[in-house]
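[1] Next come a sequence and a model predicted from it.
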Amino acid sequence: MKKMLVRMLATIGAFTLLSTLFAVFGLLTEGDPVSEGTVLEIDFARNIAEYAPTDGLSDLAFSRPLLTRDIVDALRQAADDDRIGGVVARVGSVGMGLAQVQEVRDAVLALRETGKVTIAHADSFGEFGSGTRAYYLASAFEKVYVQPSGDLSITGLIAEAPFAREALEKLRVTPRMSARKEYKTAVNLFTERGYTDAHREATGRVLESQFEQIVRGIAEARALEPSVVRALVDRAPIAADGAVEAGLVDGLRYRDEVYAELRTPDGEEAPRLRVKRYLAAVGRPDTSGERVALIYGVGNIHRGRSGFGMLSGEPTMGADTLAAAFRAAIDDDDVRAIVFRIDSPGGSYIASDTIWREVGRARRHGKPVVVSMGNVAGSGGYFVAMDADRILAQPGTITGSIGVLAGKMLTAGFWERLGVNWDELHQGRNAAMWTSSRDFSGPQRAQLEGFLDRIYADFTGKVAEGRGLETAQVHKAARGRIWTGADAKDLGLVDELGGLTRALEVVRTLLALAPDAGIDLQVFPRPRRLPEILLARLMGQEDEQQVAAPALAHVRSQLLGIPGFFSIATALETVGPLAMPHPVAYRRP
């Protein structure tokens with residue numbers, strides 16, 4: 001009773017506070033903020049997320065991250081808004097992966113075609129660090145400015161991977177792991193001292209393909225020959241004045257000088273508007289017409305409900321949550337099709353198979369499924385996509401990794417060194433199969449290998465069926481190897497290159513709609529409204545993962561300041577529970 005009273009008082013207090021906040025917010029935002037000659041302002045130096053679960057309370061207490069879709073939607077709206085004179089963006093660094101950059105570049109280039117002003121400025125493209133990806137994004141803008149003291153550190157791409165075999169040997173920890181097949185290199189983190197030939201081949205090709213895309217994009221945008229761009233990369237870092245001479249930058253400007261150039265048609269200083277406020281004022285595109293469900297599958301795949309990684313603070317993809325979203329879309333008679341947006345390095349085989357099943361069920365219910373891949377859709381991230389009607393990826397997307405690994409760490413030597421003794425009792429011949437205190441027996445090892453063979457056969461068989469490929473074609477593309485979206489298209493793993501905007505065009509084609517037909521794009525599962533969240537807390541039914549999310553995000557932001565923390569955290573969460581067979585993640589180089 002006491003707990004109920006506390007919850008009631010807390011809820012009443014929350015409603016009172018929120019009512020006050022909304023009243024103040026209403027006064028501050030009264031009137032239309034978009035006037036003639038307004039310039040849309042974007043800061044790419046902040047972290048740009050692919051997806052953030054909507055939680056009304058945490059959105060108030062913590063700043064909701066800017067999403068890739070927010071930027072693309074704002075640019076699409078700005079292209080058709082006569083009041084918007086152009087876009088100015090800070091692009092000295094980017095908090096996005098390559099595929100996200102390409103998605104935004106496409107939207108910027110489309111805006112440029114309308115004749116609106118597009119300006120990118122930076123204090124420096126990298127300061128004692130690479131600015132290659134940032135400049136690649138900036139090159140899509142008509143004008144590129146850099147601070148006189150800045151540099152263009154467009155030094156290229158590098159892939160680095162840690163190998164912990166010697167560290168584990170010193171700790172007397174022995175990895176017992178197996179993979180299908182030679183390109184499934186996540187195990188190498190624990191078993192090798194450096195790149196194997198297969199690891200080097202696959203990663204090298206990814207770097208080569210991505211670098212080709214970047215060079216070609218810069219060359220086309222800046223009217224230069226690709227060979228010239230490659231030579232400039234090899235010269236980098238390039239001082240700001242040298243970058244102007246090379247044709248990579250249009251002028252040297254400080255931030256205030258850039259903004260001083262932004263004028264309305266009447267010659268007045270142009271008002272500027274951030275993405276979120278602009279979208280709040282004009283709304284998103286694709287809000288009327290045939291209803292299409294947008295389902296996000298972001299993060300490591302696991303059984304159960306979606307949540308957040310304890311170490312990384314990033315969203316995770318729970319099979320129960322995704323399956324429920326697909327079922328809701330299937331059961332909604334108004335939903336004509338589904339766009340499945342994936343940004344995932346993989347995870348649990350069982351969970352991936354659960355989601356795969358729902359994709360097929362949607363198709364069998366007459367609702368086409370179009371997959372749009374983000375930065376990564378590899379291993380389990382490809383598994384959940386392979387039965388869709390159409391698969392789209394950006395050229396720089398990391399995908400494929402059709403394979404599986406499993407195993408465990410033997411820690412008996414480590415505990416012995418610490419003076420800790422373990423003892424055990426068990427019933428059942430294989431009860432100790434997954435314990436870290438003893439090695440696999442011969443029969444257990446054979447069972448593990450047979451288990452991996454079965455999963456690999458299931459994975460590749462479903463690829464062949466879903467993609468309409470011959471066994472030989474699948475084998476060429478599989479074996480655990482990663483590919484860029486561009487190479488995956490050539491192999492038949494992907495249908496075409498493009499982002500979310502192009503995915504909607506494909507939906508129109510599949511539904512036999514006119515190219516300009518309206519679409520009502522709605523996120524599934526439906527975001528909960530604030531009263532629903534408060535009521536759930538009042539009744540003690542709030543999801544603990546949702547409650548913990550803002551705190552995890554805050555902790556993560558603090559830990560990111562520790563050198564190497566994020567790489568280590570990502571590696572640990574990527575590999576996950578080693579005693580469970582699963583298609584393991586691959587992080588972009």
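    Received the coordinates, thanks.
[2] ok, residue 238 touching residue 248?
    Yes - counting by Cβ atoms under 8 Å, residue 238 does reach residue 248; the two are 7.3 Å apart. In short, each C-beta sits where N, CA and C put it, glycine included.
[3] more crowded one of the two?
    Per other Cβ atoms under 10 Å, whichever of residue 238 and residue 248 has more neighbours is residue 248, with 25 against 21.
[4] sec struct for that one, please.
    coil (DSSP: H, G, I helix; E, B strand; the rest coil).
[5] Now do the strands in the stretch 151-300 of the chain.
    151-152, 174-180, 238-239, 251-252, 272-274, 290-298 (DSSP state E, counting those that start in this stretch).
[6] Sorry, slip of the keys, the one I care about is the stretch 451-589 of the chain.
    Using DSSP E, counting those that start in this stretch, the strands found in the stretch 451-589 of the chain span residues 482-484, 496-497, 519-524.
[7] Quick check: which of those strands is nearest to residue 304?
    Proximity to residue 304 (Cβ to Cβ) singles out strand 519-524 among the strands of the stretch 451-589 of the chain, at 18.4 Å.
[8] helices and strands around the closest one, which ones?
    Under the contact criterion of 3 or more Cβ pairs under 8 Å, 6 or more residues apart in numbering; DSSP states H and E, strand 519-524 touches strand 290-298, helix 319-331, strand 335-344, helix 500-510.
[9] how about 7 Å then?
    strand 290-298, helix 319-331 (3 or more Cβ pairs under 7 Å, 6 or more residues apart in numbering; DSSP states H and E).
[10] relative to strand 335-344, how tilted is it?
    Interaxial angle, strand 519-524 versus strand 335-344 (axes from the mean of the first three to the mean of the last three Cα atoms, to 10 degrees): 60 degrees.
[11] Just name the most buried of the helices and strands packed on strand 519-524.
    Of all the helices and strands packed on strand 519-524, strand 290-298 has the most neighbours on average by mean count of other Cβ atoms under 10 Å, namely a mean of 23.
[12] How far away from the center of its chain is the helix or strand following it?
    Helices and strands here follow DSSP states H and E; after strand 290-298, the next one along the chain is strand 301-302. Taking the mean of its C-alpha atoms, strand 301-302 sits 15 Å from the chain's own mean (Cα atoms, centre = their mean, to the nearest Å).
[13] other SSEs contacting strand 301-302?
    Under the contact rule (3+ Cβ pairs under 7 Å, 6+ apart), strand 301-302 is packed against helix 349-364.
[14] From the rest of the structure, what touches the helix it packs on?
    297, 301-303, 319, 322-323, 326-327, 329-330, 338, 340, 369, 380, 383-384, 387-389, 404, 455, 462, 581-583 (Cβ atoms under 7 Å, 6 or more residues apart in numbering).
[15] between it and strand 290-298, how many degrees?
    In terms of direction (the same axes, to 10 degrees), helix 349-364 departs from strand 290-298 by 170 degrees.
[16] Okay, buried residues for helix 349-364 please.
    Of the residues in helix 349-364, 349-356, 358-363 count as buried by neighbour count, 16 or more other Cβ atoms under 10 Å.
[17] pLDDT of that helix, averaged?
    Average pLDDT, helix 349-364: 96.
[18] That one: what's the following helix or strand?
    Next along the chain after helix 349-364, taking DSSP H and E as the criterion, comes strand 369-378.
[19] Parallel or antiparallel, which strands does that next one pair with?
    strand 335-344 (parallel), strand 390-393 (parallel), strand 398-400 (parallel) (DSSP bridges).
[20] Pull up the overlap in contacts between residue 238 and residue 248.
    152, 232.
[21] give the contact list for residue 81.
    residue 282.
[22] So what pairs up with the residue positioned nearest the centre of the chain in the strands?
    Geometric centre of the chain, nearest residue: residue 343, 4.1 Å, by Cα atoms, centre = their mean. Per DSSP bridges, the residues bridged to residue 343 are residue 298.
[23] Need the pLDDT of it.
    On the pLDDT scale, residue 343 gets 96.
[24] Quick check: it touching residue 49?
    No - counting by Cβ atoms under 7 Å, residue 49 is not a contact partner of residue 343; they are 9.5 Å apart.
[25] where does the protein have low pLDDT?
    1-31, 54-63, 310-312, 527-589 (pLDDT under 70).
[26] before we move on, the earlier item: could you measure the residue nearest to the centre of the chain against residue 499, distance?
    12 Å (Cβ to Cβ, to the nearest Å).
[27] how about the helices and strands packed on strand 519-524 in JSON lines, adding distance to residue 172?
    Shown next, in JSON lines, are those (distance: least, Cβ to Cβ, whole Å):
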{"stretch": "strand 290-298", "distance to residue 172": "38"}
{"stretch": "helix 319-331", "distance to residue 172": "36"}
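[28] returning to that earlier point: kindly compare burial across the strands paired with strand 369-378 and name the winner.
    When the strands paired with strand 369-378 are compared using mean count of other Cβ under 10 Å, strand 398-400 is most buried, at a mean of 30.
[29] what sits up against that strand?
    For strand 398-400, contacts defined as Cβ under 7 Å, 6+ apart pick out 206, 373, 375-378, 382, 393, 477, 481-485, 488, 493-494, 586, 588.
[30] what's the offset of that strand from the middle of its chain?
    On Cα atoms, centre = their mean, the centre of strand 398-400 falls 12 Å from the chain's centre.
[31] which is the next helix or strand following that strand?
    Counting by DSSP H and E, the element after strand 398-400 in chain order, helix or strand, is strand 404-410.
[32] Mind giving me the packing neighbours of that next one?
    strand 174-180, helix 442-467.
[33] What is the burial count for residue 162?
    Residue 162, neighbours per other Cβ under 10 Å, totals 11.
[34] ok, now the one 10 residues further on?
    A total of 15 residues lie near residue 172 under the criterion other Cβ under 10 Å.
[35] wait, doesn't it sit right on residue 415?
    No - at 8.8 Å, residue 172 does not count as touching residue 415 under the criterion of Cβ under 7 Å.
[36] Can you tell me which of the buried residues of helix 349-364 is closest to residue 223?
    residue 359 (43.0 Å).
[37] out of everything not next to it in sequence, what's closest to that closest one?
    residue 387 (4.9 Å; Cβ to Cβ, 6 or more residues apart in numbering).
[38] Which residues are in contact with residue 368?
    337, 389, 507, 510, 511.
[39] ok so, going back, looking at the strands of the stretch 451-589 of the chain, which is buried most?
    When those are scored by mean count of other Cβ under 10 Å, the highest mean neighbour count falls to strand 482-484 (a mean of 27).
[40] that older thread, with respect to residue 67, which of the strands of the stretch 451-589 of the chain lies nearest?
    Among the strands of the stretch 451-589 of the chain, strand 519-524 sits nearest to residue 67 (Cβ to Cβ), with 10.9 Å.
[41] of all the strands of the stretch 451-589 of the chain, which lies closest to residue 273?
    Of all these, strand 519-524 sits nearest to residue 273, with 22.9 Å by Cβ to Cβ.
[42] what sits up against the closest one?
    Contact with strand 519-524 is made by 286-295, 325, 328-329, 504, 507, as judged by Cβ under 7 Å, 6+ apart.
[43] which one among those residues gets closest to residue 232?
    Distances from residue 232 to those, taken by Cβ to Cβ, are shortest for residue 504, at 36.5 Å.
[44] now the closest one, nearest residue through space, not along the chain?
    In space, residue 504 is closest to residue 519, 5.8 Å off (Cβ to Cβ, 6+ apart).
[45] From residue 330, how far out is that neighbour?
    Noted for residue 519: a distance of 18 Å to residue 330, by Cβ to Cβ.
[46] Could you do residue 470 as well?
    For residue 470 relative to residue 330 (Cβ to Cβ), the value is 31 Å.
[47] Fine by me, thanks again.
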